[in-house]
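>>> how would this look folded up:
(chains A and B)
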2 protein chains.
Amino acid sequence: MTIIDGKAVAADIKQQIAKEVEQIVNAGGKRPHLAAILVGHDGGSETYVNNKVKACEVCGFKSTLVRFENTVSEEELLNKVKELNNDDDVDGFIVQLPLPKHISEQKVIETIDYRKDVDGFHPINVGRLSIGLPCYISATPNGIMDLLSYYKIETSGKKCVVLGRSNIVGKPMATLMARKAYPGDCTVTICHSHTKNIKEECLQADIIIAALGQPEFLTADMVKEGAVIIDVGTTRVPCASRKSGFKLTGDVKFDEVAPKCSYISPVPGGVGPMTICSLMRNTLLAGKKEFYK
Amino acid sequence: MTIIDGKAVAADIKQQIAKEVEQIVNAGGKRPHLAAILVGHDGGSETYVNNKVKACEVCGFKSTLVRFENTVSEEELLNKVKELNNDDDVDGFIVQLPLPKHISEQKVIETIDYRKDVDGFHPINVGRLSIGLPCYISATPNGIMDLLSYYKIETSGKKCVVLGRSNIVGKPMATLMARKAYPGDCTVTICHSHTKNIKEECLQADIIIAALGQPEFLTADMVKEGAVIIDVGTTRVPCASRKSGFKLTGDVKFDEVAPKCSYISPVPGGVGPMTICSLMRNTLLAGKKEFYK
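Reported below is the predicted structural model:
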């Protein structure tokens, strides 16, 4: 059994990115520039955005953080988005979600120029992913694909069960695992709240991608011997013994499932570190104008 | 066992559309206008486009047919697309595929204004379908959803196997059957050329949507008693005894599979007639500016 080390893979990929950035800059090219818009002072969002800014430094990117108070109007935010769309120095940018309730997240996402949409949330990027055209793939699915290929995990013809049908994980994961490519070419089953016999579905799977957001949902009796388990869950479960007051808990009962697996990604330290890494690569691709002119 | 009568359902839906169009026109509204671009003289394409024009008459739409010879340049075709994009009288339009090899189909599709893309092929419409936002859904998947709801076929919690992962049928079908809605809420498995044990997958299915394009692929031994079978295959198999020289053949061995089913769609007369009907409804929705202003 191999524990997938997302932290190590992410560090390795970031180093590769940094190397490529230096080559670009040394050859007289432009240093990739990522901007991030952060609204309000939510603890989780602050942490995510800070980590993204730090990762930019590691990769040798220029980064810009634009902050708004929670009281910002939708119009003001959209104007900033349009400004970044038109700023030739900014290669890609993100608007950290969630946003205050008086602002339509969908409207914000659709206002971002898809050519700078390094989060891969714009319908054009989602559609291009579905059709199989080059595009920005969103961070979590992209990171999972990186883990599978880093560990050279066989996928062709394998049965893959995706638990969850969210827009940011379940659906794109199913698309990617079923595509005609490596990693991919799996027979993919999408399970969700309406699925009957979810245990039987999981028991047939060679690869399970658990993205339900239900702490320790996947137990040993649901997993076939030798399966590959990717845990996308990140629920904050209250924990008195920790300074933070919570424990980041995955969708997999790690201790009992791990011994049955060929590969398993832990929480934390599995998929999590890969997501920022995906954003960094999308930014590099944006800087190189790889997909769009 | 019920044989799904696509011809009757399509006729019924077209009548409903015609009724609504008359109401709109009587109330002083604009008659919906569909334009179609046809390049060359391919027999199949001619037939499809003619049928679309006829269906427009039945629905009370205005229709315009724009013809080009096979020698038309990509630029010339794209200019016509742009002209239709800007023509306020045209609510929606299609470019009949396939196109001659010197023209990029993808470029043509992406040049169509997504607000007039009643074929639902533009990445924005594909992406919005995936995210679950209102959009033009492409004809075949849309027609299948209509058949399921017309016959009030239960889907929630059912196991649905989609055979095929094409952009125009397999992928959108999987998305629609897995979505949180009716028809939908199925546990969906996507099978394709790399799938092992396709028979075992099919035997578990309550609903099978066969879109492989392999004549009579699905045989009785692959189907569970009481299953719902939707046959999307339309392969022209040579047939000496027919005037046309061919027989339109589905992916399902109808005679042996039908007795085991609760519902089955035949070929021809099942999904086929529904596709034009979907295009008509998308045109009505375009005329009403239902999704986009």
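>>> where along chain A do the helices fall?
Assignment of helices within chain A using DSSP state H yields the ranges A:6-26, A:43-59, A:74-86, A:105-111, A:123-131, A:139-150, A:170-178, A:198-203, A:254-257, A:272-287.
>>> do the fifth one and chain B meet?
Translated: helix A:123-131. Yes. Counting by C-beta under 8 Å from any C-beta of the partner chain, chain B is contacted by helix A:123-131 at A:123, A:124, A:125, A:126, A:127, A:128, A:129, A:130, A:131. For glycine as for every other residue, the C-beta is placed from the backbone atoms N, C-alpha and C.
>>> Which of those ranks first by neighbour count?
With neighbours taken as other C-beta atoms under 10 Å in any protein chain shown, the top of the residues of helix A:123-131 next to chain B is residue A:126, carrying 32 neighbours.
>>> ok, now which ones touch the residue nearest to it when sequence neighbours are not counted?
Spatial nearest neighbour of residue A:126, chain neighbours left out: residue B:127 (3.6 Å); criterion: C-beta to C-beta, 6 or more residues apart in numbering or on different chains. Shown here is residue B:127, whose contacts under the criterion C-beta atoms under 8 Å, 6 or more residues apart in numbering or on different chains are A:122, A:123, A:124, A:125, A:126, A:127, A:128, A:129, A:130.
>>> Over to residue A:214?
A:233, A:235, A:251.
>>> export those residues to JSON lines and tack on distance to residue B:183?
Formatted as JSON lines, the entries for the contacts of residue A:214 read as follows, by distance: C-beta to C-beta, whole Å:
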{"residue": "A:233", "distance to residue B:183": "29"}
{"residue": "A:235", "distance to residue B:183": "31"}
{"residue": "A:251", "distance to residue B:183": "28"}
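>>> what's the closest of these to residue A:217?
For those, the closest approach to residue A:217 (C-beta to C-beta) belongs to residue A:251, at 4.9 Å.
>>> ok, now how distant is the closest one from residue A:260?
Look at residue A:251 and residue A:260: by C-beta to C-beta, to the nearest Å, they are 16 Å apart.
>>> Between those two, tell me which one has more neighbours.
Regarding residue A:251 and residue A:260, a neighbour count based on other C-beta under 10 Å identifies residue A:251 as having more, with 26 against 17.
>>> and the residue nearest to the more buried one when sequence neighbours are not counted, what are its phi and psi?
Distances taken as C-beta to C-beta, 6+ apart put residue A:233 closest to residue A:251, at 3.2 Å, once the chain neighbours are dropped. Geometry field for residue A:233 lists phi and psi as phi -60, psi 140, criterion degrees, to the nearest 10.
>>> burial measure for residue A:233, as a count.
When neighbours are counted by other C-beta under 10 Å, residue A:233 registers 24.
>>> check contacts around it.
Taking C-beta under 8 Å, 6+ apart as the definition of contact, the neighbours of residue A:233 are A:210, A:211, A:212, A:213, A:214, A:215, A:217, A:249, A:250, A:251, A:252, A:267.
>>> For these, pick the one with the most neighbours.
residue A:252 (31 neighbours).
>>> surely that one meets residue A:267?
Yes. Between residue A:252 and residue A:267 there is a contact at 7.5 Å, judged by C-beta atoms under 8 Å.
>>> Which neighbours do the two have in common?
Shared contacts of residue A:252 and residue A:267 (C-beta under 8 Å, 6+ apart): A:231, A:233.
>>> Am I right that residue A:207 is in contact with residue A:226?
No. Proximity of residue A:207 to residue A:226 does not meet the contact threshold set by C-beta under 8 Å, at 10.7 Å.
>>> neighbour count winner among these two?
Neighbours around residue A:207 and residue A:226, counted as other C-beta under 10 Å, are more numerous at residue A:207. The numbers are 23 against 11.
>>> which strand residues sit across from that one in the sheet?
Beta-bridge partners for residue A:207, by DSSP bridges, are residue A:160, residue A:228.
>>> as a whole number, average confidence for stretch A:233-244?
Across stretch A:233-244, pLDDT averages out at 92.
>>> Can I get that stretch in CSV? Just the C-alpha atoms.
Only the C-alpha atoms of stretch A:233-244 are listed here, as CSV (Å, rounded to 0.1, in the frame of the first residue of the first chain):
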residue,chain,number,x,y,z
GLY,A,233,-13.3,15.4,1.6
THR,A,234,-12.2,18.3,3.8
THR,A,235,-14.8,18.7,6.5
ARG,A,236,-13.9,20.6,9.7
VAL,A,237,-14.9,18.2,12.5
PRO,A,238,-14.9,19.7,16.0
CYS,A,239,-11.9,18.4,18.0
ALA,A,240,-11.4,19.6,21.5
SER,A,241,-7.8,18.4,21.7
ARG,A,242,-6.6,20.6,18.9
LYS,A,243,-5.5,24.2,19.2
SER,A,244,-7.6,25.1,16.1
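>>> if I look at the closest residue to residue A:277 other than its chain neighbours, how far off is chain B?
Counting by C-beta to C-beta, 6+ apart, the nearest residue to residue A:277 once its immediate chain neighbours are dropped is residue A:10, at 4.2 Å. Residue A:10 sits 27 Å away from chain B, going by C-beta to the nearest C-beta, to the nearest Å.
>>> who's in contact with residue A:10?
Applying C-beta under 8 Å, 6+ apart, we find residue A:10 in contact with A:143, A:273, A:274, A:276, A:277.
>>> ditto for residue A:48
Applying C-beta under 8 Å, 6+ apart, we find residue A:48 in contact with residue A:96.
>>> cool, residue A:160 as well?
Applying C-beta under 8 Å, 6+ apart, we find residue A:160 in contact with A:177, A:178, A:186, A:187, A:188, A:189, A:205, A:206, A:207, A:208, A:209.
>>> Looking at strand pairing, list the partners for residue A:3.
In this structure, residue A:3 has the following beta-bridge partners (DSSP bridges): residue A:264.
>>> isn't it right up against residue A:266?
Yes. Contact criterion C-beta under 8 Å: residue A:3 and residue A:266 qualify, at 5.9 Å.
>>> on that earlier part again, turn the contacts of residue A:160 into JSON lines, columns for pLDDT.
As requested, those are arranged in JSON lines below (pLDDT from 0 to 100):
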{"residue": "A:177", "pLDDT": "98"}
{"residue": "A:178", "pLDDT": "98"}
{"residue": "A:186", "pLDDT": "98"}
{"residue": "A:187", "pLDDT": "98"}
{"residue": "A:188", "pLDDT": "98"}
{"residue": "A:189", "pLDDT": "98"}
{"residue": "A:205", "pLDDT": "98"}
{"residue": "A:206", "pLDDT": "98"}
{"residue": "A:207", "pLDDT": "98"}
{"residue": "A:208", "pLDDT": "98"}
{"residue": "A:209", "pLDDT": "98"}
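>>> In chain A, which residue is most central in space?
Central residue of chain A (C-alpha atoms, centre = their mean): residue A:140, 1.8 Å from the mean position.
>>> where's that residue relative to residue A:234, distance?
Between residue A:140 and residue A:234 the computed distance is 10 Å (C-beta to C-beta).
>>> for residue A:196, same thing?
Per C-beta to C-beta, residue A:196 is found 27 Å from residue A:234.
>>> One more: residue A:11?
From residue A:11 over to residue A:234 the distance is 20 Å, taken as C-beta to C-beta.
>>> neighbour count winner among these two?
When residue A:11 is set against residue A:234 and neighbours are counted by other C-beta under 10 Å, the residue ahead is residue A:234, at 20 against 14.
>>> show me the contacts for the more buried one.
With contacts taken as C-beta under 8 Å, 6+ apart, residue A:234 has the following neighbours: A:213, A:248, A:249, A:250, A:267, A:268, A:272.
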